[in-house]
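K.L.:
just the structure for this:
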Amino acid sequence: MASWLHDSRIPHDASANLNRITLGEVLRGRKLITDTIRRFQPDVLNPHCPPGHLFLSLYGRHHAPRAVFVRTVGEPRSPKKNLMNRWLHETVADGIIVSCRASQHRYLRAFQLHSDEVRVIYPGFDSEAFAQFSPSRTFRQRHRIEKETLLLGVIARLSPEKGHRFLLEAFAKIHSDFPQAKLIITGPDAREQTSDDLAEFSKTLGIADKVIFTGKVNDVRDVMAELTIGVIPSLRSEAICRVALEYMTWGIPIVATDVNILPEVVRDGVNGWTVPVGKVEAMANALRNALENSTEREKRGTQGKELVMGEFSRAQMVQQTLAFYNDIATAR
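P.N.:
Model (predicted):
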């Protein structure tokens, strides 16, 4: 982030670590925030992380009382309903930005807020920049995959919440009907689960010869360029789900679970297929439908590309964020 800020020439100071609650960091964070606010006199205070929210609540309001205070939330879990959180969200914050309707519902249930105080603004993605890439086109050759083979791919760290075992179970139910289909699993090992663990599990399911593990790759676009279908089998998390936007940029139809933001990005019947989280039969049926119908895959892939360039563009996100700031300022 610091390097991106430097390249974009945005004034910044990354000397304090607000996530470390030590006396030294607390004092350094307080000085940094108060000095910055006094110097720039911002119109908007917009913390993202919980420590930033607390620091700006304690010091920002005092030094910039007229500034609009908006909390941006990228957390897929429900907020804690303790007194501190109630004060931060109900009293200090003028508004809250969330990335999906599921998060909006969680915050409205947790705190005494009006619906217009919690605004859903979808993440902005620079699809044009992501599409500016020439894949090597050597992926199939390196992994000895025939040209006509249909490839389903999941690109994610190998953490249990990403649903790899769930996907393997679903794929095992349909693989015999699609002898020319293989499953590509791309991503680094996690502490809780590794590619060796998943490879052993695929053996017990009788699909070891149908699954290819690539590990972590330098650029996921080399893998995406070869995929027939992108799969997001997550069991939890997914407040943003960047990989869905990446699939859509490349015109790849998606099969995904209905966790958090996913059904709002991967729209069933539009740019993909969505299934209830953890339902193996439902996932197997969705994979079957996607593999059987090339016309539908192409149509949904095209619609996904249009969707990411419209509703999920960076320009759209900026426009909606500024509009929310102005709405709050007017209301105040």
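K.L.:
ok, the residue nearest to Gln180 when sequence neighbours are not counted - contacts?
P.N.:
Of all residues not flanking Gln180 in the chain, Thr149 sits nearest, at 5.2 Å (Cβ to Cβ, 6 or more residues apart in numbering). In this view, the C-beta of every residue, glycine as well, is placed from N, C-alpha and C. Each residue near Thr149 by Cβ atoms under 8 Å, 6 or more residues apart in numbering is listed here: Arg140, Gln180, Ala181, Lys182.
K.L.:
ok, which pair from those is furthest apart?
P.N.:
Within the contacts of Thr149, Arg140 and Ala181 form the most distant pair, 13.7 Å apart (Cβ to Cβ).
K.L.:
which one's more surrounded, the two?
P.N.:
The residue with more neighbours, out of Arg140 and Ala181, is Ala181; 18 against 14, by other Cβ atoms under 10 Å.
K.L.:
which ones are touching the closest residue in space to that one that isn't next to it in sequence?
P.N.:
For Ala181, ignoring the flanking residues on the chain, the nearest one in space by Cβ to Cβ, 6+ apart is Leu150 at 4.3 Å. If you count contacts by Cβ under 8 Å, 6+ apart, Leu150 has them with Phe178, Gln180, Ala181, Lys182, Thr228, Ile229, Leu291.
K.L.:
checking my notes, Lys299 in a helix, right?
P.N.:
Yes: counting by DSSP: H, G, I helix; E, B strand; the rest coil, Lys299 falls inside a helix.
K.L.:
pull the number of nearby residues for it.
P.N.:
Number of residues near Lys299 (other Cβ under 10 Å) recorded here: 15.
K.L.:
cool, His53 as well?
P.N.:
Applying other Cβ under 10 Å, we find 24 residues neighbouring His53.
K.L.:
excluding chain neighbours, what is closest to it?
P.N.:
Pro47 (4.2 Å).
K.L.:
what's the domain layout of the chain?
P.N.:
Residue ranges for the domains of the chain, per automatic domain parsing: 7-124+313-331, 128-310.
K.L.:
endpoint to endpoint, the last one covers what distance?
P.N.:
With Cα to Cα, to the nearest Å applied, domain 128-310 spans 12 Å between its terminal residues.
K.L.:
try stretch 234-248
P.N.:
Taking Cα to Cα, the first and last residues of stretch 234-248 lie 17 Å apart.
K.L.:
any low-confidence regions in this protein?
P.N.:
Within the chain, the segments meeting pLDDT under 70 span 1-8.
K.L.:
which residues touch the residue most central in space within it?
P.N.:
By Cα atoms, centre = their mean, the chain has its centre lying nearest to Cys241, at 2.0 Å. Counting by Cβ under 8 Å, 6+ apart, Cys241 touches Ile232, Ser234, Asn260, Ile261, Leu262, Val265.
K.L.:
now with 10 Å?
P.N.:
Neighbour list for Cys241: 76, 99-100, 123, 156, 232, 234, 247, 254, 256, 259-262, 264-266 [criterion: Cβ atoms under 10 Å, 6 or more residues apart in numbering].
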